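Visitor: Only the shape, not the letters, is given here:
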């Protein structure tokens, strides 16, 4: 992906003896920072590798030469030149190591044959490149390497350099441009863009990017034609695999940030629109161009982009491109914008644009999605987010679609908390823990939050709306009430609502809902924020758009962003490095742990338990990490995680570590059988220090979740009333033996736990709206699980949605699916042949066949009430296809074709009565 930026020409090469590389020119390509199309990249110059070719380290005019500063390398050939600036940190070391590898591997044999190449034992320090009398030195920080003397063929010098450059390219770092911190690096982004060469004459006094009159400008047209544009310009100290010294410098810089930054306001437009599955048949200008001044940044979110089954189950929709184009065409005409990022989860989409002239100040762009729909994963509900750095301020923009229906406010609260806890962004340094939403300076949260008006009937609400009594109406708003109770969005702010509710309208007009349901109007669509230096300038709805049953909402903010003063930054940087030099030979780091033994009592299936302890650091900066024990791949068992698992501590500081224990489908079966215990030893390692050992134990309460079907069929008592030995014997009993039991051991036809859930739904939920599509409450799932495991009650407690979700989680947790793994491929092959499919089902073990037939009969009963429960055969086939028919362990992740075949296999049995027996 980088070869178009630094190419090696070999068509006109001379013949060199093996194993030498055949190169004779350096082809330097330049591209615009926001490269989108092929026209954005062009050939800048060709540097011949000929007599006089040389490489030397230089100090650009005006730069401070301090330990830890950037390394500038000048390449010269026939009066022309190329300047490469390597960033402070591990990427420079990686580059030098690659040079050393290249020298060792490619030139070792040549060394034996050619007198002009000889090994060098000189220690070049961290710079690695030292030009002297035309010689090129190749060596790592550890010393050694090779020296190419002046008598070496010029072509070979170029070969060494170019291979080194291309190796560095593979590590995502080639060169840097001048930028925020004096010399600011550019990282490769997801599309392979973002690497530039800094080209200058050898006699130039300043090493800035060469300005060419042929250089294309960022235009609205090129932005509109783009599909991907990411600006990932990282700061000097945000590089992977940096060492302890770099970590200390970065931490000190963060602590002293106020001393070298100032606040500058930028205007953000934030908009949200639930489009109800419609295509953009009208212009979005009344929404996106509502102000005379163009904003600096656009954050535009959509919900219900596509309501089709294909979008829901396969996350595939043509409407993404339709709405992207509609937004791009409607941006403010008085500015040029570049698309930074697009992220979508089913129908939840978020777009981020920035003024083209500000794009260089956007860096560290990451996206994440969290589904909170049925089973906690389906993407019909949930959130998407884009995080980035704007100058020196971290920003996180979240677009969410929370659970529907007036009475489900607790579920909405839970969705919000799930998004906050599960939304984690990878940092550029893999040694640092992921960033959560709360770890950003500015958080903008938008979307269809679905909170409703309660305690008022529809007529009273409409009356207050007509009177524009919005402050009075807000007193009945669920979101306001939940925020006041600190149950959700704690620390967030919402502006005063001075517009009428944005839901629900008849499509195509401004009339309230006239359907049979006659929904009560509500402010479902909201925009909130959290952070400092944020001033809301407007908060409004846009009645001119009429294609949906919602109205779009927008808010404009002035946000104070921290901008770096380069001169002050350099002074602070130099001070930190000087003080660090004095600490270089400090004592070995040591810490104090508040606790070393942890016991988790009565652990239950899918119920998180957390224990905390504190690491207090001594007088030496230290980097800590939980490391794996010998012969183990990870630092802990699958059911355990330490958060954070690695980090850095300044002298005298402390950090709280959370040990999170969570048993799910992948670990429950072995814990049920006793093959595995809740026991582990964690090793906490200090860089340059000693190791600390932590003991973790616990007792697991066995559950029907994660137990095999045939095991449960032999359990006539609740699983937690049985002895550990009985559970172990039944769980480890081979499936093949379950059909050969004696009459005295006759099993149940189906597990009693499955019968309880299905029977409850059959009696209470046949006409339940959105059954198997609306998630339940976690607290209610825990009650249902306890009831099944303990046999406490004859009936299940909780809403119909919670029982339905518990049924799906039960089927998902089965270690052997209802249709056994060995039949998976056969089922896909005969997905359109009912006769062959029926034969496969007839060959299932008896308990599995009984469960399959029982479930199919139940689902066919639900379809008889499809007019009220909104279910159809495609929805049920898609949901249950992936649960009853799962690929065996080690199988590749099913693609869309496989998923459709699994859906079709189940589809056959839902359309006709089962006559297998």
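Guide: Received, thanks. All figures in this text were calculated on a predicted structure; none of them were measured in a lab.

Visitor: From now on I want contacts and neighbour counts done on CA atoms only, so please keep to that.
Guide: Fine.

Visitor: ok, residue 465 touching residue 497?
Guide: No. Taking contacts as Cα atoms under 8 Å, residue 465 lies outside contact range of residue 497: 12.0 Å.

Visitor: so where's the longest strand in the protein?
Guide: In the chain, assigned by DSSP state E, the strand with the most residues is strand 261-274.

Visitor: Which strands or helices does it pack on?
Guide: Using 3 or more Cα pairs under 8 Å, 6 or more residues apart in numbering; DSSP states H and E as the contact criterion, the neighbours of strand 261-274 among helices and strands are strand 297-303, strand 442-448, strand 525-531, strand 553-564.

Visitor: change it to 6 Å
Guide: If you count contacts as 3 or more Cα pairs under 6 Å, 6 or more residues apart in numbering; DSSP states H and E, strand 261-274 packs onto strand 297-303, strand 553-564.

Visitor: Distance from the chain centre to the longest one, please.
Guide: Taking the mean C-alpha point of strand 553-564 and that of its whole chain, the gap between them comes to 24 Å (Cα atoms, centre = their mean, to the nearest Å).

Visitor: immediately after it, which helix or strand?
Guide: Past strand 553-564, heading to the C-terminal end, the next element that is a helix or strand (DSSP states H and E) is helix 566-583.

Visitor: Show me which residues of that following helix are buried.
Guide: 566, 569-570, 572-574, 576-577, 580 (16 or more other Cα atoms under 10 Å).

Visitor: Go through stretch 266-278 and flag the buried ones.
Guide: If you call a residue buried by 16+ other Cα under 10 Å, then stretch 266-278 has these buried ones: 267-278.

Visitor: Mind putting those residues into TSV with pLDDT and distance to residue 746?
Guide: Putting the buried residues of stretch 266-278 into TSV (pLDDT from 0 to 100; distance: Cα to Cα, whole Å) gives the following:
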residue	pLDDT	distance to residue 746
267	98	73
268	98	69
269	98	68
270	98	64
271	98	63
272	98	59
273	98	58
274	97	55
275	97	56
276	95	53
277	94	52
278	95	56
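
Visitor: which one of these is nearest residue 382?
Guide: The shortest gap between residue 382 and any of the buried residues of stretch 266-278 belongs to residue 274, at 13.7 Å (Cα to Cα).

Visitor: residues in contact with the residue nearest to the closest one when sequence neighbours are not counted?
Guide: Closest residue in space to residue 274, ignoring its immediate chain neighbours: residue 303 at 4.4 Å, by Cα to Cα, 6 or more residues apart in numbering. Taking Cα atoms under 6 Å, 6 or more residues apart in numbering as the contact definition, residue 303 lies against 274, 347-348.

Visitor: Repeat the analysis, applying 7 Å as the threshold.
Guide: Contact partners of residue 303, counting by Cα atoms under 7 Å, 6 or more residues apart in numbering, are 273-275, 347-349, 401, 448.

Visitor: quick one: it from residue 291, how far?
Guide: The span separating residue 303 from residue 291 equals 24 Å under the rule Cα to Cα, to the nearest Å.

Visitor: Check residue 890 too.
Guide: In this view, residue 890 and residue 291 are 55 Å apart by Cα to Cα.

Visitor: which one of the two has more residues nearby?
Guide: Neighbours were counted for residue 890 and for residue 291 using other Cα atoms under 10 Å; residue 291 has more, 12 against 6.

Visitor: Enumerate every residue touching that one.
Guide: Residues near residue 291 by Cα under 7 Å, 6+ apart: none.

Visitor: Assumed it was part of a strand.
Guide: No. The assignment for residue 291 by DSSP: H, G, I helix; E, B strand; the rest coil gives coil, which leaves it out of any strand.

Visitor: And the pLDDT at it?
Guide: In the prediction, the pLDDT value recorded for residue 291 is 95.

Visitor: and the gap between it and residue 561?
Guide: Here the distance between residue 291 and residue 561 works out to 22 Å (Cα to Cα).

Visitor: how about the buried residues of helix 566-583 in JSON lines, adding distance to residue 870 and pLDDT?
Guide: Below are the buried residues of helix 566-583 laid out as JSON lines (distance: Cα to Cα, whole Å; pLDDT from 0 to 100):
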{"residue": "566", "distance to residue 870": "61", "pLDDT": "92"}
{"residue": "569", "distance to residue 870": "61", "pLDDT": "94"}
{"residue": "570", "distance to residue 870": "64", "pLDDT": "91"}
{"residue": "572", "distance to residue 870": "63", "pLDDT": "93"}
{"residue": "573", "distance to residue 870": "63", "pLDDT": "91"}
{"residue": "574", "distance to residue 870": "66", "pLDDT": "88"}
{"residue": "576", "distance to residue 870": "64", "pLDDT": "87"}
{"residue": "577", "distance to residue 870": "65", "pLDDT": "84"}
{"residue": "580", "distance to residue 870": "66", "pLDDT": "75"}
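
Visitor: Would you mind giving the buried residues of stretch 266-278 as TSV with distance to residue 911 added?
Guide: Formatted as TSV, the entries for the buried residues of stretch 266-278 read as follows, by distance: Cα to Cα, whole Å:
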residue	distance to residue 911
267	56
268	52
269	50
270	47
271	44
272	40
273	38
274	34
275	33
276	29
277	28
278	30
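
Visitor: Out of these, flag the one nearest to residue 897.
Guide: The nearest member of the buried residues of stretch 266-278 to residue 897, counting by Cα to Cα, is residue 277 at 24.2 Å.

Visitor: Please, which helix or strand holds the closest one?
Guide: Counting by DSSP H and E, there is no helix or strand that carries residue 277.
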